[in-house]
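>>> Quick one: sequence plus predicted model below, questions after.
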Amino acid sequence: MVTTVGIAGASGKLGRLVAAALLRLPSPPTLRLYVRDASKLPSWLSSSPHTVITGGADDRAATVEFARGCNVVICTYLGPDALMEEGQKVLIDACAEAGVPRYVASDYTVDYRPLKDGELFPKDPMRHVMAYCNDKAGVEGVHVMIGAFMDTWWSGFFGAWVPDESGKGGKLRYWGSGDEAWEVSSYENTAEWIARVAVDGEAKGVEKFLGDRKNIHQIAAAMSSVYSFTPSLEPLGSLADLHATMHQKRDSEPENYYAYLPMWYQYYMLNGSTLLVPPGSSAEKELSNNRYPDVKAVTFEDYLRMYSPKELSGAMMGIGEKAGK
């Protein structure tokens with residue numbers, strides 16, 4: 001029985017949401033929280049009965065203290081490669097030393113397993129962490145994959161949604177034919193699934209969940225059904241054009257990371273190589289959604305109903321702020 005859950009990175013957006021989701025469960029576990037700065041925790045997390053341990057991602061002694069007594073440790077780190085790979089390896093080692101049998105890795109992304117190192121390069125650390133978990137005796141890795149974050153999709157990161165100046169309309173920009181599927185899940189949904197996986201001792205290996213799956217034409221139709229306007233569509237070029245552009249951007253401005261990073265994500269998502277539900281397969285076969293029927297998948301329509309067109313692009317800035325309230 002899972003009675004104590006550790007959350008590393010608990011003061012961040014996803015960490016707060018995961019903590020709140022765990023505390024909403026019918027039999028909420030005791031939480032052990034690992035953070036760099038305890039002052040960044042909201043009062044509902046920083047007070048008893050929860051235990052807060054402070055330390056850096058490379059602090060081996062502090063991570064072992066944090067892991068001790070946990071039935072499972074969840075990592076919600078988000079940051080540079082060194083944090084995502086070496087920081088997680090420190091946590092996995094701490095779990096092994098403290099006798100924690102399961103580790104929920106900070107994946108929460110597309111299915112990167114079919115790729116080779118260097119292709120979708122931001123996910124190379126996740127590939128290495130999965131391999132590290134597989135080789136670590138006594139610690140079972142759990143890898144939750146959810147596609148892209150819905151909240152990020154509507155932000156300026158991908159450049160897919162461009163609101164107009166009135167705040168009452170806008171356009172959708174896309175690479176490819178427009179028939180390629182976007183697989184997305186909201187931060188809130190992801191946290192709910194992570195919480196269920198954490199307390200489910202049978203959840204091991206790769207667990208795939210999905211909020212919605214639509215192409216750009218279907219997303220435009222969803223906007224039409226929820227709002228009083230239909231967004232215009234702006235094609236940006238073929239997937240081959242996207243591939244050429246993203247490499248040209250990186251070659252010409254290697255330090256300008258965010259000028260090309262979103263293109264890399266788009267290319268490897270839209271070309272089908274990282275889909276959670278590959279062509280010819282069924283969602284029922286590939287996804288774990290039905291394992292936790294109390295969690296309602298948030299569709300594009302559901303998400304649109306939560307925000308006005310003007311609010312969409314900035315919605316992710318407030319993620320986690322109202323958690324626990």
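Nice, thanks for sending it over.
>>> Secondary structure class of Glu183, three-state.
strand (DSSP: H, G, I helix; E, B strand; the rest coil).
>>> ok, how many other residues are close to the spatially closest residue to it that is not a sequence neighbour?
Excluding the flanking residues, the one nearest Glu183 by Cβ to Cβ, 6 or more residues apart in numbering is Gly147, at 3.3 Å. C-beta: built from backbone N, CA, C; applies to glycine. Counted with other Cβ atoms under 10 Å, the neighbours of Gly147 add up to 27.
>>> so what's Gly147 up against?
Thr109, Val110, Trp182, Glu183, Val184, Ser185, Leu210, Gly211, Arg213, Met269, Leu276 (Cβ atoms under 8 Å, 6 or more residues apart in numbering).
>>> Please report phi then psi for it.
Main-chain torsions, Gly147, degrees, to the nearest 10: phi 80, psi -150.
>>> Could you do Ser232 as well?
With angles defined as degrees, to the nearest 10, Ser232 sits at phi -80, psi 160.
>>> next one: Cys75
Dihedral angles (degrees, to the nearest 10) for Cys75: phi -100, psi 130.
>>> what secondary structure does the residue nearest to it when sequence neighbours are not counted sit in?
Distances taken as Cβ to Cβ, 6+ apart put Ser106 closest to Cys75, at 4.2 Å, once the chain neighbours are dropped. With three-state DSSP as the basis, Ser106 sits in coil.
>>> Met269 versus Ser106, what's the distance?
Ser106 sits 19 Å away from Met269 when distances are taken as Cβ to Cβ, to the nearest Å.
>>> And for Ser232?
23 Å.
>>> Comparing those two, which residue is more hemmed in?
Set Ser232 next to Met269 and count neighbours by other Cβ under 10 Å: Met269 wins out with 23 against 13.
>>> Please list all residues in contact with the closest residue to Ser155 other than its chain neighbours.
Ranked by Cβ to Cβ, 6+ apart and with sequence neighbours excluded, the top spatial neighbour of Ser155 is Met316, at 5.0 Å. Going by Cβ under 8 Å, 6+ apart, Met316 touches Phe149, Asp151, Thr152, Trp154, Ser155, Tyr187.
>>> Pull out the buried members of those.
For the contacts of Met316, a burial check counting by 16 or more other Cβ atoms under 10 Å picks out Phe149, Asp151, Thr152, Trp154, Ser155, Tyr187.
>>> I'd assumed Ala315 was in contact with the fifth one.
Meaning Ser155. Yes. The pair Ser155 and Ala315 qualifies as a contact (Cβ atoms under 8 Å) at a distance of 7.4 Å.
>>> Please enumerate the helices of the chain.
13-23, 43-46, 60-67, 81-82, 88-98, 124-135, 150-154, 187-199, 216-226, 239-252, 257-270, 283-286, 300-306, 309-312 (DSSP state H).
>>> Who are the contact partners of Ser232?
Here Ser232 is in contact with Gly170, Lys171, Leu172 (criterion: Cβ under 8 Å, 6+ apart).
>>> Correct me if wrong: the first one contacts Trp161.
Yes. Between Gly170 and Trp161 there is a contact at 6.4 Å, judged by Cβ under 8 Å.
>>> so what sits against both of the two?
Pro231.
>>> contacting residues around the helix or strand of the chain with the lowest mean pLDDT?
For the chain, counting by mean pLDDT, DSSP states H and E, helix 43-46 ranks last in confidence among helices and strands (a mean of 88). When contacts are defined by Cβ under 8 Å, 6+ apart, helix 43-46 is touched by residues Ala10, Ser11, Arg16, Ala19, Leu31, Leu33, Ala38, Val52, Gly324, Lys325.
>>> got any ranges where the stretch 201-325 of the chain has weak pLDDT?
322, 324-325 (pLDDT under 70).
>>> Run through the residues that contact the nearest residue to Glu97 once chain neighbours are set aside.
Using Cβ to Cβ, 6+ apart and skipping residues adjacent in sequence, the residue nearest Glu97 is Val64, 5.2 Å away. Applying Cβ under 8 Å, 6+ apart to Val64 gives the contacts Ala94, Glu97, Ala98.
>>> 10 Å - rerun?
Ile53, Gly55, Val90, Leu91, Asp93, Ala94, Cys95, Ala96, Glu97, Ala98, Val100 (Cβ atoms under 10 Å, 6 or more residues apart in numbering).
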